[in-house]
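>>> Turn this into a structure:
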Amino acid sequence: MNRNSKIVGILCADSSDMYLAKAIYYLERRLSEAGYLSMLCTTGYTMQRKQDALRLLISREVDGIILVGSHFIGQEESDNDYIREAAGKVPVIILNGQLDHPNVYSTGCDDHQASMDATLALIDSGAKSLLYFYDTQSYSGNKKQSGFLDACAERGIEDNFHLLYVGDREDIDGVATRLERLHESGMHFSAIMCSEDYLAVGAVRFAQKAGIRVPDELQIIGYNNSLLTKCCTPELTSVNNHLEEISEHAVKTLLDVLGGGTFPENEFFNGEPVKRGSTRF
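I've put the predicted structure just below:
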């Protein structure tokens, strides 16, 4: 179906999320520069609301859809039928997720490799006992965790690591409390790899309360290289997933497809840790 509304639909699960909000900012700015209006729908995390929002945008005859974040990719193949249905009408761009289907284009950071590289740097700098701290089991979240696990396996660390799930998003005090309880129970670790920057800030706060020196006794890495990396002492080493560049690429891909071009359906970029004061490497 050929459309020419000059409107692009943007779906995100939670616009209060720092990462998603920043992505929306980059997307809307670039679309505006190209002469397009943005129609934003915030869906939450339930499948029904995601489906309803996507169908609503299609009914408004938008030229294309950008799905911001990997929460839109379901665990079961049938969970993604609503995306395939939409792709039968307009191009669909997935930011930081992947679905192989005609007229669906995926872009983002290679979270598996970026997490693996950061974890390897921790191990190679002397970390012997590791904790992986995460708050989501999304497509992207699972890639980050698998990168951590593969790094441990590659360096022969089979037993001396732990995985810890935290469900309350952006609760820095809650993160510090969880770590404090683990420490009091006798669990000790020399490095913490976090799936988000706010988790790492909570880890630094825990260390300060416990009298643990960062990075001499405990190394900490965050993820997303956000403004939060500068909001604690020491400043955080964090994985730069190049959100601005990825967002720019998502819009460019959509505009090129609307212009009749043919492009790779999947393109992912390398991320790397940005060294600051919370690590020794």
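>>> Which stretches in the stretch 1-150 of the chain count as helices?
18-33, 47-59, 81-87, 111-124, 139-154 (DSSP state H, counting those that start in this stretch).
>>> so which of the ones you listed comes closest to Val204?
helix 111-124 (15.2 Å; CB to CB). C-beta: built from backbone N, CA, C; applies to glycine.
>>> Distance of Asn266 relative to Leu31?
Distance, Asn266 to Leu31, by CB to CB, to the nearest Å: 22 Å.
>>> Name the residue in the two with the higher neighbour count.
Leu31 (22 against 13; other CB atoms under 10 Å).
>>> what residues are up against that one?
Val8, Leu37, Ser38, Val251 (CB atoms under 8 Å, 6 or more residues apart in numbering).
>>> Would you confirm that the first one contacts Val62?
Yes - in this structure, Val8 is within contact of Val62 by CB atoms under 8 Å, at 5.9 Å.
>>> picking up where we left off before, of all the helices of the stretch 1-150 of the chain, which one is nearest Ile172?
From the helices of the stretch 1-150 of the chain, taking CB to CB, the stretch that ends up closest is helix 18-33, at 12.1 Å.
>>> now the closest one, how far from the centre of its chain.
A distance of 15 Å separates the centroid of the chain from that of helix 18-33, by CA atoms, centre = their mean, to the nearest Å.
>>> where do the strands sit along the stretch 151-281 of the chain?
Here the stretch 151-281 of the chain has its strands, by DSSP state E, counting those that start in this stretch, at 161-165, 191-194, 219-223, 237-240, 266-269, 272-274.
>>> Please report how far the nearest residue to Tyr45 once chain neighbours are set aside lies from Glu33.
Nearest non-adjacent residue to Tyr45, counting by CB to CB, 6 or more residues apart in numbering: Ala13, 5.4 Å away. Distance of Ala13 to Glu33, computed by CB to CB: 25 Å.
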